[in-house]
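K.L.:
Give me a 3D structure for the following:
(2 chains)
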Amino acid sequence: DGGITQSPKYLFRKEGQNVTLSCEQNLNHDAMYWYRQDPGQGLRLIYYSQIVNDFQKGDIAEGYSVSREKKESFPLTVTSAQKNPTAFYLCASSINTRNTEAFFGQGTRLTVV
Amino acid sequence: QQQVKQSPQSLIVQKGGISIINCAYENTAFDYFPWYQQFPGKGPALLIAIRPDVSEKKEGRFTISFNKSAKQFSLHIMDSQPGDSATYFCAASPKPYSGAGSYQLTFGKGTKLSVIP
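P.N.:
Below is the predicted model:
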């Protein structure tokens, strides 16, 4: 089945630690995205990538980093610099950034303890 | 500055009734307007989308109405069912190469719909 797989579904992190969220897609999409979702805030764009080895900051990139070494993979690292990291993180992909019909993964809920 | 304003924040509808969710946008370069449905603990799924060359699009019980001059669009759910209870997001993105900068989707803040039996 084609789709987007995010792992893990739930993640707990101690304050001061970096943590990496996984996102893999087998849709052969060029563009991939990371969104953060907080209650009542909608979806806010963290980073996006149009092609392998390229990525751009979104609206709330501070405290986050990404890489795009393979077309299928777009991992997100939440660093200790992110002041309020507890949130629901969603990865998405689209054919390319000119076609914004986005398909989402099932999300990772990160909790800082 | 929020570019897509969605209302209401929450909505309670009787089974069989019509659910209406509204969105307004500011950026005249927007030309793709999707609606996403999200169940608790899941990722959003594309429900229906419209481009400004038509004023209405219908898929089953779901209809998008689009008013270009007012810069508004809305989702109507006919014969609402308890299984429709979810959070709905409107979104918008600009035409590629329109000079609007980012071509990514801008989302509204969501509407939590509860359909009661």
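K.L.:
make it CA atoms for all contacts and neighbour counts henceforth
P.N.:
Noted.
K.L.:
Give me the most central residue, chain B.
P.N.:
In chain B, the residue lying closest to the centroid (Cα atoms, centre = their mean) is B:Cys90, at 3.1 Å.
K.L.:
that's a strand at that one, yeah?
P.N.:
Yes. With DSSP: H, G, I helix; E, B strand; the rest coil as the criterion, B:Cys90 is part of a strand.
K.L.:
do you know how far it is from chain A?
P.N.:
According to Cα to the nearest Cα, to the nearest Å, B:Cys90 stands 10 Å off from chain A.
K.L.:
Whichever residue of chain B sits closest to chain A - how many residues pack around it?
P.N.:
Proximity to chain A, evaluated over chain B using Cα to the nearest Cα, is greatest for B:Lys109 at 3.8 Å. The number of residues packed around B:Lys109, counting by other Cα atoms under 10 Å in any protein chain shown, is 27.
K.L.:
is the lowest-mean-pLDDT helix or strand in chain B anywhere near chain A?
P.N.:
Across the helices and strands of chain B, mean pLDDT, DSSP states H and E gives its lowest value to strand B:106-107, namely a mean of 91. Yes. Contact between strand B:106-107 and chain A, assessed by Cα under 8 Å from any Cα of the partner chain, occurs at B:106-107.
K.L.:
which residues sit in contact with the residue nearest to A:Ile51 when sequence neighbours are not counted?
P.N.:
Distances taken as Cα to Cα, 6 or more residues apart in numbering or on different chains place A:Asp30 nearest to A:Ile51, at 5.4 Å, with adjacent residues excluded. Each residue near A:Asp30 by Cα atoms under 8 Å, 6 or more residues apart in numbering or on different chains is listed here: A:49-52, A:71, A:93-97.
K.L.:
what about the strands in chain A?
P.N.:
For chain A, strands defined by DSSP state E occupy the ranges A:4-7, A:10-13, A:19-25, A:31-38, A:42-51, A:54-57, A:64-66, A:76-78, A:87-94, A:103-104, A:108-112.
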